[in-house]
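Asks: Sequence and predicted model, in that order:
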Amino acid sequence: MEYSKLISITGMSGLFEVVGSKTDGAIVRSLEDKTTKFVSSRVHNFSHLESIEIFTIRENVNLVEIFQAMDKSTEKLPSEKDAKAITAYFKKVYKDMDFDRVYASDMKKMVKWFSILKEHKIEFKLTETEEEGIEEEKA
(Lines give C-alpha, C1' and ligand atoms only; values in the text may rest on other atoms or scores of the structure.)
Protein backbone atom coordinates (compact mmCIF):
# COMPACT_ATOMS: atom_id res chain seq x y z
CA MET A 1 0.00 0.00 0.00
CA GLU A 2 1.32 3.42 -0.93
CA TYR A 3 1.03 6.68 1.00
CA SER A 4 -0.03 8.42 -2.24
CA LYS A 5 -3.23 6.34 -2.46
CA LEU A 6 -4.47 7.23 1.02
CA ILE A 7 -7.30 9.66 1.68
CA SER A 8 -9.35 11.07 4.50
CA ILE A 9 -13.09 11.40 3.96
CA THR A 10 -15.25 14.00 5.68
CA GLY A 11 -17.82 12.47 7.98
CA MET A 12 -16.01 9.14 8.13
CA SER A 13 -13.47 8.07 10.73
CA GLY A 14 -10.04 6.73 9.82
CA LEU A 15 -8.05 6.50 6.61
CA PHE A 16 -8.96 4.91 3.30
CA GLU A 17 -7.12 3.55 0.29
CA VAL A 18 -8.50 4.58 -3.11
CA VAL A 19 -9.28 1.36 -4.99
CA GLY A 20 -11.05 2.94 -7.95
CA SER A 21 -12.90 6.05 -8.99
CA LYS A 22 -16.13 6.95 -10.73
CA THR A 23 -17.42 10.28 -11.96
CA ASP A 24 -19.57 10.76 -8.85
CA GLY A 25 -17.27 9.31 -6.18
CA ALA A 26 -14.68 6.70 -5.32
CA ILE A 27 -14.40 3.08 -4.32
CA VAL A 28 -12.39 2.99 -1.10
CA ARG A 29 -11.06 0.40 1.32
CA SER A 30 -10.90 1.18 5.02
CA LEU A 31 -7.46 0.62 6.56
CA GLU A 32 -9.04 -0.25 9.89
CA ASP A 33 -11.60 -2.93 9.02
CA LYS A 34 -10.67 -3.66 5.36
CA THR A 35 -14.24 -3.08 4.14
CA THR A 36 -14.60 -1.81 0.58
CA LYS A 37 -17.41 0.55 -0.39
CA PHE A 38 -18.46 3.29 -2.76
CA VAL A 39 -18.42 6.82 -1.32
CA SER A 40 -20.25 9.60 -3.15
CA SER A 41 -18.43 12.86 -3.80
CA ARG A 42 -21.83 14.59 -3.62
CA VAL A 43 -22.06 13.79 0.08
CA HIS A 44 -18.40 13.64 1.18
CA ASN A 45 -15.18 15.52 0.47
CA PHE A 46 -11.94 13.62 -0.13
CA SER A 47 -8.50 14.80 0.99
CA HIS A 48 -5.39 13.01 -0.22
CA LEU A 49 -2.88 12.81 2.61
CA GLU A 50 -0.21 14.01 0.17
CA SER A 51 -2.07 17.29 -0.31
CA ILE A 52 -2.61 18.14 3.38
CA GLU A 53 -0.42 20.93 4.74
CA ILE A 54 0.08 21.97 8.34
CA PHE A 55 0.45 25.56 9.56
CA THR A 56 3.84 26.39 11.08
CA ILE A 57 5.40 29.62 12.32
CA ARG A 58 7.34 29.70 9.05
CA GLU A 59 6.04 28.25 5.77
CA ASN A 60 3.39 25.54 5.81
CA VAL A 61 4.74 21.99 5.68
CA ASN A 62 3.30 18.83 4.21
CA LEU A 63 1.71 16.38 6.64
CA VAL A 64 4.35 13.79 5.71
CA GLU A 65 7.01 16.02 7.32
CA ILE A 66 5.09 15.94 10.61
CA PHE A 67 4.75 12.15 10.37
CA GLN A 68 8.49 11.83 9.73
CA ALA A 69 9.24 13.96 12.81
CA MET A 70 6.86 11.81 14.86
CA ASP A 71 8.56 8.67 13.55
CA LYS A 72 12.04 9.93 14.49
CA SER A 73 10.96 11.13 17.92
CA THR A 74 11.65 9.14 21.06
CA GLU A 75 8.60 10.69 22.75
CA LYS A 76 5.82 8.27 23.66
CA LEU A 77 2.72 8.71 21.50
CA PRO A 78 -0.06 10.24 23.67
CA SER A 79 -3.59 8.93 23.94
CA GLU A 80 -5.75 10.47 21.23
CA LYS A 81 -8.35 11.28 23.92
CA ASP A 82 -6.08 13.63 25.92
CA ALA A 83 -5.93 17.01 24.13
CA LYS A 84 -3.42 18.55 26.57
CA ALA A 85 -1.04 15.60 26.27
CA ILE A 86 -1.29 15.75 22.49
CA THR A 87 -0.46 19.47 22.42
CA ALA A 88 2.48 18.90 24.79
CA TYR A 89 3.66 16.02 22.57
CA PHE A 90 3.66 18.16 19.42
CA LYS A 91 5.41 21.02 21.23
CA LYS A 92 8.28 18.58 21.81
CA VAL A 93 8.16 16.73 18.47
CA TYR A 94 7.45 19.64 16.09
CA LYS A 95 7.86 22.91 17.96
CA ASP A 96 7.54 25.04 14.77
CA MET A 97 3.87 24.09 14.44
CA ASP A 98 1.55 27.12 14.73
CA PHE A 99 -0.47 26.06 17.77
CA ASP A 100 -2.85 29.00 17.39
CA ARG A 101 -4.01 27.80 13.97
CA VAL A 102 -3.64 24.01 14.28
CA TYR A 103 -6.59 22.87 16.39
CA ALA A 104 -6.49 20.13 19.01
CA SER A 105 -8.91 18.10 16.85
CA ASP A 106 -6.40 18.25 13.96
CA MET A 107 -3.58 17.08 16.22
CA LYS A 108 -5.79 14.21 17.44
CA LYS A 109 -6.33 13.15 13.83
CA MET A 110 -2.58 13.26 13.19
CA VAL A 111 -1.93 10.98 16.18
CA LYS A 112 -4.68 8.57 15.11
CA TRP A 113 -3.56 8.56 11.47
CA PHE A 114 0.08 8.09 12.48
CA SER A 115 -0.90 5.05 14.55
CA ILE A 116 -2.86 3.57 11.62
CA LEU A 117 0.04 4.17 9.20
CA LYS A 118 2.59 2.62 11.58
CA GLU A 119 0.32 -0.38 12.16
CA HIS A 120 0.16 -1.00 8.39
CA LYS A 121 3.90 -0.28 7.92
CA ILE A 122 3.27 2.46 5.37
CA GLU A 123 6.34 4.52 4.48
CA PHE A 124 6.02 8.28 5.04
CA LYS A 125 7.10 9.70 1.70
CA LEU A 126 5.65 11.85 -1.03
CA THR A 127 5.38 10.62 -4.60
CA GLU A 128 8.28 11.85 -6.70
CA THR A 129 7.34 14.08 -9.58
CA GLU A 130 8.56 13.14 -13.05
CA GLU A 131 11.02 16.04 -13.10
CA GLU A 132 12.74 14.85 -9.91
CA GLY A 133 13.05 11.35 -11.36
CA ILE A 134 14.55 12.68 -14.60
CA GLU A 135 17.06 14.86 -12.73
CA GLU A 136 18.18 11.87 -10.66
CA GLU A 137 18.73 9.80 -13.80
CA LYS A 138 20.95 12.55 -15.27
CA ALA A 139 23.10 12.77 -12.16
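Replies: Sure, I can see it.
Asks: CA atoms for contacts and neighbours, from now on please.
Replies: Noted.
Asks: in this protein, which helix has the most residues?
Replies: Ranked by residue count, the top helix of the chain under DSSP state H comes out as helix 104-119.
Asks: Could you pull out the buried residues of that one?
Replies: 104, 107, 108, 110, 111, 112, 113, 114, 116, 117 (16 or more other CA atoms under 10 Å).
Asks: Which secondary structure elements does that helix sit against?
Replies: The contact analysis (3 or more CA pairs under 8 Å, 6 or more residues apart in numbering; DSSP states H and E) places helix 104-119 against helix 83-93.
Asks: which other residues reach the helix it packs on?
Replies: With CA atoms under 8 Å, 6 or more residues apart in numbering as the test, helix 83-93 has contacts from 69-70, 73, 75, 77-80, 97, 104-105, 107-108, 111.
Asks: cool, and stretch 32-40?
Replies: If you take CA under 8 Å, 6+ apart as the criterion, stretch 32-40 is touched by 14, 15, 24, 25, 26, 27, 28, 29, 30, 116.
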